[in-house]
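Chemist: The amino acid sequence is not available; the structure is as follows:
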């Protein structure tokens, strides 16, 4: 038994080393896995209605392509334009803070922040300039390097191809993985996999829909209110909602500052609060009960740590894998916790009493 455990540990270490070694080429495959996982339930439902697997996958695949294409055509250009306008307005915002906010702080607290703010303002402006220069330099290098450009295009082109074939054979792949498990481990692994799937489906499918709905509500509300960069702030606030309450805190702070800087009128701040209040109302009354319930179990601190740790260790691929891996680790830790609570290490007296009982 101990020898088998060592063999499993060594194989796991070799597998981890292998994946770390080929990390640069894994991104399109992991993106495809996420898309296939999200689309498989819809394909299964279409199969139940009488469609063949290939036809059901084709319908789901076309829907995914349509949603992504509409996002790229309609949303990305507007976001890029608003982001550029926001970057250009940073010096004016900093100047307004220096001329308006800093004197009020000095009169209220006696602290003179003008010198420190001058240095901070100059540092921020310089960093924005350096960021633009770095981006231009990187773009120029990628454009000049034919191999890098071909590799980037190839990775992007792989995503729809791999997604289609993973969707097509998803159920068969799951069945084959289950069939090769050791028979003694198979029931436990299958039960843990079912729990992982429940958590992942609730978090990935449910939380993504919640984030998207909140982003749309915030973006439409701020845009109708006339707040500059409303689409950008709204969608980023929806994205930040992956951590409970972070999206509304960040969004209402940034949108409130932009609205006040834009008009200086109190009713704009009331309107911003009303937009985010309506979003929170919809989330608590409709989105959370219908889409998430109480199945997630991921603490907000665990979500933040998982995303930061995944990005630090494996870059963009790590960010993609952070939350699914965190959800699976949580399920395994819960299983190990239950095993520990029932072991003699936790309660030696209960173990002795069990042995003494006939």
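Modeler: Sure thing, it's come through. Note that the structure is a prediction, hence the values are computed from the model and not measured.

Chemist: Phi first, then psi, for residue 181.
Modeler: When read as degrees, to the nearest 10, the backbone of residue 181 gives phi -70, psi 150.

Chemist: what's the neighbour count on the residue nearest to it when sequence neighbours are not counted?
Modeler: Leaving aside its sequence neighbours, residue 181 sits nearest to residue 189 (C-beta to C-beta, 6 or more residues apart in numbering; 5.5 Å). Just so you know, the C-beta spots here come from the backbone N, C-alpha and C atoms, and that holds for glycine as well. Around residue 189 sit 14 other residues, with neighbours defined as other C-beta atoms under 10 Å.

Chemist: Am I right that residue 189 is in contact with residue 180?
Modeler: No: contact criterion C-beta atoms under 8 Å: residue 189 and residue 180 do not qualify, at 10.9 Å.

Chemist: picking up where we left off before, same for the helix or strand containing the residue nearest to residue 181, what does it pack against?
Modeler: Per DSSP states H and E: residue 189 is located in helix 186-200. Counting by 3 or more C-beta pairs under 8 Å, 6 or more residues apart in numbering; DSSP states H and E, the packing neighbours recorded for helix 186-200 are helix 170-179, helix 300-341.

Chemist: again, only using 10 Å
Modeler: Using 3 or more C-beta pairs under 10 Å, 6 or more residues apart in numbering; DSSP states H and E as the contact test, the elements touching helix 186-200 are helix 27-48, helix 170-179, helix 300-341.

Chemist: State the next helix or strand along the chain beyond it.
Modeler: Toward the C-terminal end, the helix or strand that comes next after helix 186-200 (DSSP H and E) is helix 208-225.

Chemist: avg pLDDT for the next helix or strand after that following helix?
Modeler: Per DSSP H and E, the first helix or strand lying C-terminal to helix 208-225 is helix 230-240. Average pLDDT, helix 230-240: 85.

Chemist: so what does helix 230-240 touch, helix or strand wise?
Modeler: Against helix 230-240 (3+ C-beta pairs under 10 Å, 6+ apart) you get helix 76-96, helix 208-225, helix 246-263, helix 266-282.

Chemist: Just to check, residue 197 is in contact with residue 170?
Modeler: No: contact criterion C-beta atoms under 10 Å: residue 197 and residue 170 do not qualify, at 12.0 Å.

Chemist: These two: who's more crowded?
Modeler: Comparing residue 197 with residue 170 by other C-beta under 10 Å, the one with more neighbours is residue 170, at 19 against 15.

Chemist: tell me the pLDDT at the more buried one?
Modeler: 84.

Chemist: Around the closest residue to it other than its chain neighbours, how many other residues sit close by?
Modeler: Distances taken as C-beta to C-beta, 6+ apart put residue 40 closest to residue 170, at 4.8 Å, once the chain neighbours are dropped. By the criterion of other C-beta under 10 Å, residue 40 has 19 neighbours.

Chemist: circling back to that earlier point, quick one: common contacting residues for residue 197 and residue 170?
Modeler: Common neighbours of residue 197 and residue 170, counting by C-beta atoms under 10 Å, 6 or more residues apart in numbering, are residue 37.

Chemist: wait, doesn't residue 212 sit right on residue 237?
Modeler: No: under the criterion of C-beta under 10 Å, residue 212 makes no contact with residue 237, lying 11.9 Å away.

Chemist: So these two - more neighbours on which side?
Modeler: Legend: neighbour count by other C-beta under 10 Å for residue 212 and residue 237, higher for residue 237 (29 against 14).

Chemist: And the more buried one, how far from residue 81?
Modeler: 18 Å (C-beta to C-beta, to the nearest Å).

Chemist: before we move on, what about residue 228?
Modeler: Counting by C-beta to C-beta - residue 228 and residue 81 are separated by 12 Å.

Chemist: So between those two, which is more surrounded?
Modeler: The neighbour comparison of residue 228 against residue 81 (other C-beta under 10 Å) goes to residue 228, with 18 against 13.

Chemist: OK, contacts around that one?
Modeler: The neighbourhood of residue 228, defined by C-beta under 10 Å, 6+ apart, consists of 82, 85, 86, 89, 222, 255, 258, 259, 261, 262, 263.

Chemist: Roughly how far does the closest residue to the first one other than its chain neighbours sit from residue 338?
Modeler: Right, residue 82. Nearest residue to residue 82 in three dimensions, chain neighbours excluded: residue 232, at 4.2 Å (C-beta to C-beta, 6+ apart). Separation of residue 232 from residue 338 (C-beta to C-beta) stands at 45 Å.

Chemist: Neighbour count for these two, which is higher?
Modeler: Using other C-beta under 10 Å, the more surrounded residue of residue 232 and residue 338 is residue 232, with 21 against 10.

Chemist: OK, contacts around that one?
Modeler: 78, 79, 80, 81, 82, 83, 85, 86, 219, 222, 254, 258.

Chemist: can you pick the most crowded of the residues you listed?
Modeler: Neighbour counts for the contacts of residue 232 peak at residue 222, which has 26 neighbours (criterion: other C-beta under 10 Å).

Chemist: so what's it scoring on pLDDT?
Modeler: With respect to pLDDT, residue 222 scores 88.

Chemist: That one and residue 271 touch, don't they?
Modeler: Yes: counting by C-beta under 10 Å, residue 222 touches residue 271, with 8.7 Å between them.

Chemist: Tell me the residues that contact both of those two, please.
Modeler: Residues touching both residue 222 and residue 271 comprise 255, 259, with contact defined as C-beta under 10 Å, 6+ apart.

Chemist: With adjacent residues omitted, what lies nearest to residue 65?
Modeler: Nearest to residue 65 is residue 160, by C-beta to C-beta, 6+ apart, at 6.8 Å.
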